[in-house]
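# here is my input, please return the structure:
(one chain, ligands or ions: 2)
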Amino acid sequence: MARDYYGILGVAQGATDQEIKRAYRKLARELHPDVNPDAEDRFKEVTTAYEVLSDPEKRRVVDAGGDPLAGPGGGGFGGDPFGGGGLGDIFQTFFGGGGGGFGGGGRGPRGRVRPGEPALVGVTLDLDEVAEGARKEITVDTAILCDSCTGSGTRDDSKPVTCGTCKGAGEIQSVQRSFLGQVMTVRECPECRGVGEIIPDPCLKCGGDGRVRSRRTMTVKIPAGVQEGMRVRLTGQGEVGPGGGPAGDLYVEVSEAVDDVFVRDGDDLHCTVRVPMADAALGGEVSVDTVLGSTATVTIDPGTQPGTVVRVRGHGMPHLNTGMRGDLHAHLEVVVPRKVDSAQADLLRTLRDAIGDDVEVVTASSKSASGGLFSKLRNAFVGR
Ligand SMILES: [Zn+2]
Ligand SMILES: [Zn+2]
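Numbering: from 1, shown residues only. Ligands and ions are numbered 1, 2, ... in the order given. Predicted coordinates for the structure are as follows:
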């Protein structure tokens, strides 16, 4: 269950980075444990929400309905969201270096093994692939477990040792004065970067990170009826975390290629059908091949006017969940011959004489047309 990070900060989903920053700053001042000791949980929650929404990658995951902190096998908020680090960075931003002490309760070393970040790749499908569903091959540039040390980061049988600078705490505490009064500040140990231990003899292949970069090719199944911008989530297929930590999720975002014939609108398809002038007047039928091998019959009523839209039910795209098909909307364009020979011209003149003059040539200004510009236009149609 994804957390409502926007709700926690009290901002709308479309909020700008500035609005998110402002909302967090305001809440952080109110809820900071040194100001309001009872609000510590709420403060952590707000800070975590800001951490997520201020990171474009994580925010994209949230907007896709996911939760970037929900690692494999458990919700991020159920556990300790601060175990993953990140809070320190935010304090750097807002409180000018060094985090608040949370009433003296230190964070401790954050551990070398951490979950991997989610990753995002795109695939482009043509209209038929969207209609039928597709298996697409994707190539992901990602981090995989180092097979030389299987994530430990150490060379051969060597072991990590406790960091001498922070004595394994991962952080260095000091008392500082700030706008909040005298506060205990904690900053990440620069020697071990908060891990609490160092690897004196790192793995030669991964340099101690426990993971290596790799290009991976895999096949992803895209269901029929997906919409532009939708994402397929592949659990645990993202990058492996530092120290060989559990892999993040991989999101595959669908783009739709522009089609030569059809414009898609949800489950409906739109196309233009060119109808010869005589057929528009007399009526007829036109066949249109749509997706999934179906052929729609577009009925042209006698006397069809340019711009008429004919709807053919059930010849659109399949709905993502139900498979029920939307409709085809045929936009009729009446085609006037560009060139006629003398025999055709004679026929048209005969037709014109037979139809007579009952078509109102000028509209929308009939009232003002008496004797003005419009009557001249009307006269221009007479004769030849
Ligand atoms: Zn250290
Ligand atoms: Zn290694």
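# pull out the buried residues from stretch 144-162.
Neighbour-count burial for stretch 144-162, with 16 or more other C-beta atoms under 10 Å as criterion, is recorded at 144-146, 148-149, 151-155, 160. All C-beta spots, glycine's among them, are computed from the backbone N, C-alpha and C.
# brain fart, stretch 325-341
By neighbour count with 16+ other C-beta under 10 Å, stretch 325-341 contains the buried residues 325-330, 332, 334.
# now do that stretch: distance from first to last residue.
Across its full length, stretch 325-341 reaches 45 Å between end residues, using C-alpha to C-alpha, to the nearest Å.
# also stretch 44-63?
Taking C-alpha to C-alpha, the first and last residues of stretch 44-63 lie 21 Å apart.
# what segments of this structure are helices?
Assignment of helices within the chain using DSSP state H yields the ranges 5-9, 17-31, 40-53, 56-63, 87-95, 127-132, 277-282, 342-355, 373-380.
# show the pLDDT at the residue of the stretch 201-350 of the chain found nearest ligand 1.
Of all residues in the stretch 201-350 of the chain, G208 sits closest to ligand 1, at 14.3 Å by C-beta to the ion. pLDDT for G208: 92.
# what of G108?
The predicted local distance difference test score for G108 is 65.
# and if you look at G97?
G97 is assigned 34 on the pLDDT scale.
# state the distance from the nearest residue to G122 once chain neighbours are set aside to G207.
Nearest residue to G122 in three dimensions, chain neighbours excluded: E253, at 4.8 Å (C-beta to C-beta, 6 or more residues apart in numbering). Distance, E253 to G207, by C-beta to C-beta, to the nearest Å: 32 Å.
# so what touches stretch 340-358?
The list of residues contacting stretch 340-358 from outside it, by C-beta atoms under 8 Å, 6 or more residues apart in numbering, reads P337.
# what do you get for stretch 136-154?
112-113, 116, 119, 121, 123, 125, 129, 155, 160, 199, 201-206, 208-220, 222, 237-240, 243-245, 250, 252.
# equivalent analysis for stretch 313-325, please.
When contacts are defined by C-beta under 8 Å, 6+ apart, stretch 313-325 is touched by residues 130-131, 223-227, 264, 266-269, 288, 290-292, 294, 296, 326-328.
# show the buried residues in those residues.
130-131, 224-226, 264, 267-269, 288, 290-291, 296, 326-328.
# where does the stretch 101-250 of the chain come near ligand 1, residue by residue?
Contact residues, the stretch 101-250 of the chain versus ligand 1 (C-beta under 5 Å from the ion): 163, 165-166, 189, 191-192.
# now those as a markdown table including neighbour count and distance to ligand 2?
Listed next are those as a markdown table, based on neighbours: other C-beta atoms under 10 Å; distance: C-beta to the ion, whole Å:
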| residue | neighbour count | distance to ligand 2 |
| --- | --- | --- |
| C163 | 20 | 20 |
| T165 | 13 | 24 |
| C166 | 22 | 24 |
| C189 | 22 | 23 |
| E191 | 15 | 21 |
| C192 | 25 | 18 |
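# show me which of those is closest to Q173.
C166 (9.4 Å; C-beta to C-beta).
# that closest one and P190: what is the separation?
In this structure, C166 and P190 are separated by 9 Å, where distance is defined by C-beta to C-beta.
# show me the contacts for the spatially most central residue of the chain.
Residue closest to the mean C-alpha point of the chain, counted by C-alpha atoms, centre = their mean, is G229 at 4.9 Å. Applying C-beta under 8 Å, 6+ apart, one finds that G229 lies in contact with 253-255.
# redo that, cut-off 7 Å
If you count contacts by C-beta atoms under 7 Å, 6 or more residues apart in numbering, G229 has them with 253-254.
# got the phi/psi numbers for it?
Torsion angles at G229 (phi, psi; degrees, to the nearest 10) stand at phi 90, psi -10.
# now do H315
Note on H315: backbone dihedrals following degrees, to the nearest 10 are phi -110, psi 20.
# what's the pLDDT at it?
Each residue has a pLDDT score; the one for H315 is 97.
# equivalent analysis for S178, please.
S178 carries a pLDDT value of 70.
# what about it, neighbour count?
Burial of S178, expressed as a neighbour count using other C-beta atoms under 10 Å, amounts to 14.
# gap between it and ligand 1?
Applying C-beta to the ion, to the nearest Å, one obtains 24 Å for the distance of S178 from ligand 1.
# specify the beta-bridge partners of that residue.
S178 has the following beta-bridge partners by DSSP bridges: G181.
# measure it to A28 for me?
For S178, the distance to A28 - C-beta to C-beta - is 13 Å.
# L351 too?
79 Å.
# who has more neighbours, the two?
When L351 and A28 are compared on other C-beta under 10 Å, the one with more neighbours turns out to be A28, at 19 against 11.
# pop the domain breakdown of this protein in here.
For the chain, the structural domains run 5-81, 114-154+210-257, 263-336, going by automatic domain parsing.
# what's the least confident stretch among the ones you listed?
Among the domains of the chain, domain 5-81 carries the lowest mean pLDDT (a mean of 78).
# follow-up on the earlier one: now, the contacts of stretch 313-325 that are in strands?
264, 268-269, 288, 296, 328 (DSSP state E).
# adding distance to E57, write those residues out as TSV.
Below are the ones in strands among the contacts of stretch 313-325 laid out as TSV (distance: C-beta to C-beta, whole Å):
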residue	distance to E57
R264	28
D268	34
L269	34
V288	43
A296	43
L328	39
